[in-house]
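# Structure for this input, please:
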Amino acid sequence: MRSKTIFMIFAAIITAFSVIVVNSCISEFDARLPADENDVLVVTGDIIGNSEVDIVLSKTFPIGNPAPPPESQNITATVTVVGSDGSTTASGIQVDKGTYRLSIGELDGDVSYGLRIEYNGNVYISEPARPLHTPDIKELSWEQPEPYGDVYFRVSTGEAPSDEPQYFIWSYREDWKFLAYEYTELYYDYDLKKISMLSEPEILEKYICWKSNVKNKLLIGTTQGLIVNSLVNKRILEVQSGSDRFSTDYCLTVSQKSVSKAAYEYYRNKKTENEEMGGIFTPQPSEVLGNITCVTDHAKKTIGFVSVVKNVSVKRLFVSGGELVRINPGCEFFIEPEIFEENRAKQGLEEWEYASRNDLEPVGTEWENGTDPLIPYKLIGWARTICVDCVIAGGTKNKPDFWPEEAD
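Residues are numbered from 1 along each chain as shown. Take a look at the predicted model:
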């Protein structure tokens, strides 16, 4: 057998939303390519009508590298979309290393479009195709079959106007309002070496945050073999009910894109081979190459599949944590005031020293009558800083623009 060298490919799966910039998440593949092919181009992205899309270019690199070398991502190229009617878009603007942003207008259903890449003295073109229309997402729903069990999110597609099977790729974005595990109106003032009161804005700053997730697994589906040419309640996502996603309000945004049978089979093969090797973003053989050809040198291999899509259907679903039967995992470390004092005394430390060494913050509230000038608060206990400060726990103060006021 001819010896082969294993290369790693730094690529991306594009999460597309209509008429907005496309986000991407990075994947790794293991391409078994001949040792003399050390400049294999990897292309990620789709042609989507009425949108700005990011086309990500990268190259293979040896598996022995601890990290992708800069040259594997720093790809200088000219990227355009060409039509069978002679039309050509403006060249993509480089917005990051190897990432080119294209502004695409309305796609004509009678015209075939392809991606054209001029790189390193060669020209690469994706197989021209007519744009596919994506039907609306008919319904986005959720279910929790068992109390305290996982939450499943499901998508239902609209029926196609023809009897031809439909093929879909879904991507999703998660956004959720995140509360600190412990509510407190107190903090430890290390300058004054005493417990002090937070102002109302300071309380909210530490207690209410937001989190999001735009990196997600590859989701595909087809109506092939079904009696009705649509999908009903297809599960696309599973989330543990105890996740902080459901501490208060959660939003799932699903993007649905129609693709060709060839694209579906490409991603199905990639998904199957990756899962057999341990996960979506783990090694994959290079035999799944895609629909991109180097027209100036047919011996050169290229990896990637560029679909042509007229539109993308997007739907959002809001879920309140109060609708679920769940257990709040709570703070990872919380001690009563008496235990705090006992441990502090045993170690011969001052209050501020023990709190500082153990990364503890006071948990409590102001007395309701607020009449005691000496001790104006009620101390409930002590908790790790990560439990009382949602920013330290990984949240941000960036509330999504689309979030309805009634869910705030």
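
# Could I get the full set of helices for the protein?
70-73, 200-207, 261-276, 337-346, 351-357, 385-388 (DSSP state H).

# Just the terminal-to-terminal distance for stretch 192-209.
The straight-line separation of the ends of stretch 192-209 (CA to CA, to the nearest Å) is 28 Å.

# again with stretch 138-147
Terminal residues of stretch 138-147 are spaced 27 Å apart (CA to CA).

# For that stretch, what does the pLDDT average out to?
Average pLDDT, stretch 138-147: 97.

# And for it, what's in contact with it?
Contacts with stretch 138-147, where a contact means CB atoms under 8 Å, 6 or more residues apart in numbering, come from 150-158, 230, 233, 241, 252, 254, 315-317, 319, 324-325. In short, each C-beta sits where N, CA and C put it, glycine included.

# So which of the residues you listed sit within strands?
In strands, defined here by DSSP state E, the members of these are 151-157, 252, 254, 315-317, 319.

# Please convert those to TSV, extending it with pLDDT, neighbour count and distance to Asp85.
As requested, the ones in strands among the contacts of stretch 138-147 are exported to TSV (pLDDT from 0 to 100; neighbours: other CB atoms under 10 Å; distance: CB to CB, whole Å):
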residue	pLDDT	neighbour count	distance to Asp85
Val151	97	22	47
Tyr152	98	16	45
Phe153	98	20	40
Arg154	98	18	40
Val155	97	27	35
Ser156	97	15	36
Thr157	95	24	31
Leu252	97	24	39
Val254	97	22	33
Lys315	97	16	33
Arg316	97	14	36
Leu317	98	17	39
Val319	97	19	45
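
# Closest one of the residues you listed to Glu338?
Comparing the ones in strands among the contacts of stretch 138-147 against Glu338 with CB to CB picks out Val151 as the nearest, at 38.5 Å.

# where's the closest one relative to Phe305, distance?
Computed as CB to CB, to the nearest Å, the Val151 to Phe305 distance reads 32 Å.

# Same question for Tyr207.
Per CB to CB, Tyr207 is found 45 Å from Phe305.

# Of these two, which one has the most company?
Phe305 (24 against 20; other CB atoms under 10 Å).

# show me what contacts the residue nearest to that one when sequence neighbours are not counted?
In space, and not counting its chain neighbours, Phe305 is closest to Gly290: 3.9 Å by CB to CB, 6 or more residues apart in numbering. Gly290 makes contacts with Val43, Tyr266, Thr302, Ile303, Gly304, Phe305, Val306, as judged by CB under 8 Å, 6+ apart.

# Quick check on these: which are buried?
Val43, Tyr266, Thr302, Ile303, Gly304, Phe305, Val306 (16 or more other CB atoms under 10 Å).

# which residues does the first one contact?
Taking CB under 8 Å, 6+ apart as the definition of contact, the neighbours of Val43 are 55-57, 115, 117, 124, 126, 290, 292, 302-304, 306.

# let's see it at 10 Å
Applying CB atoms under 10 Å, 6 or more residues apart in numbering, one finds that Val43 lies in contact with 11-12, 55-58, 75, 77, 79, 115, 117, 119, 124, 126, 290-292, 302-306.

# follow-up on the earlier one: could the buried ones among the contacts of Gly290 go into JSON lines alongside distance to Ala383?
Formatted as JSON lines, the buried ones among the contacts of Gly290 follow (distance: CB to CB, whole Å):
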{"residue": "Val43", "distance to Ala383": "49"}
{"residue": "Tyr266", "distance to Ala383": "50"}
{"residue": "Thr302", "distance to Ala383": "54"}
{"residue": "Ile303", "distance to Ala383": "49"}
{"residue": "Gly304", "distance to Ala383": "48"}
{"residue": "Phe305", "distance to Ala383": "49"}
{"residue": "Val306", "distance to Ala383": "51"}
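
# What is the burial count for Glu332?
Neighbours of Glu332 (other CB under 10 Å): 10.

# That one and Cys387 touch, don't they?
Yes: taking CB atoms under 10 Å as the definition, Glu332 is a contact partner of Cys387 at 6.6 Å.

# what touches both of the two?
Common neighbours of Glu332 and Cys387 (CB under 10 Å, 6+ apart) are Tyr181.

# returning to what we had before: partner residues bridging the residue nearest to Phe305?
Beta-bridge pairing for Gly290 (DSSP bridges): Gly304.

# likewise Tyr100?
Beta-bridge partners of Tyr100, as defined by DSSP bridges: Ile55, Gln94.

# OK, contacts around it?
Per CB under 10 Å, 6+ apart, neighbours of Tyr100: 45, 53-57, 75-80, 91-94, 117.

# switch the cut-off to 6 Å
Ile55, Val79, Gly92, Gln94 (CB atoms under 6 Å, 6 or more residues apart in numbering).

# now do Tyr266
Going by CB under 6 Å, 6+ apart, Tyr266 touches Gly290, Phe305.

# how many neighbours does the closest residue to Tyr188 other than its chain neighbours have?
Excluding its sequence neighbours, the residue lying closest to Tyr188 (CB to CB, 6+ apart) is Ala355, at 5.4 Å. Burial of Ala355 is recorded as 21 neighbouring residues (other CB under 10 Å).

# Please apply the same query to Glu273.
Per other CB under 10 Å, the neighbour tally for Glu273 reads 17.

# where's it relative to Tyr267, distance?
Using CB to CB, Glu273 is found at 11 Å from Tyr267.

# just to revisit the earlier point, specify the stretch among the helices of the chain that is closest to Tyr190.
So among those, helix 351-357 is nearest, using CB to CB, at 5.9 Å.

# Now the closest one: average pLDDT?
What helix 351-357 shows for mean pLDDT is 96.

# what's it in contact with?
Outside helix 351-357, the residues touching it (CB under 6 Å, 6+ apart) are Tyr188, Tyr190, Lys193, Arg344.

# Show me how the chain divides into domains.
Split into domains by automatic domain parsing, the chain comes to 5-132+259-313, 137-177+212-253, 186-210+326-400.

# tell me how far the second one is from the chain's mean position?
So that's domain 137-177+212-253. When C-alpha coordinates are averaged (CA atoms, centre = their mean, to the nearest Å), domain 137-177+212-253 and its chain have centres 14 Å apart.

# now the stretch 1-150 of the chain, which segments are flagged as low pLDDT?
Scanning the stretch 1-150 of the chain for pLDDT under 70 picks out the ranges 1-38, 62-68.
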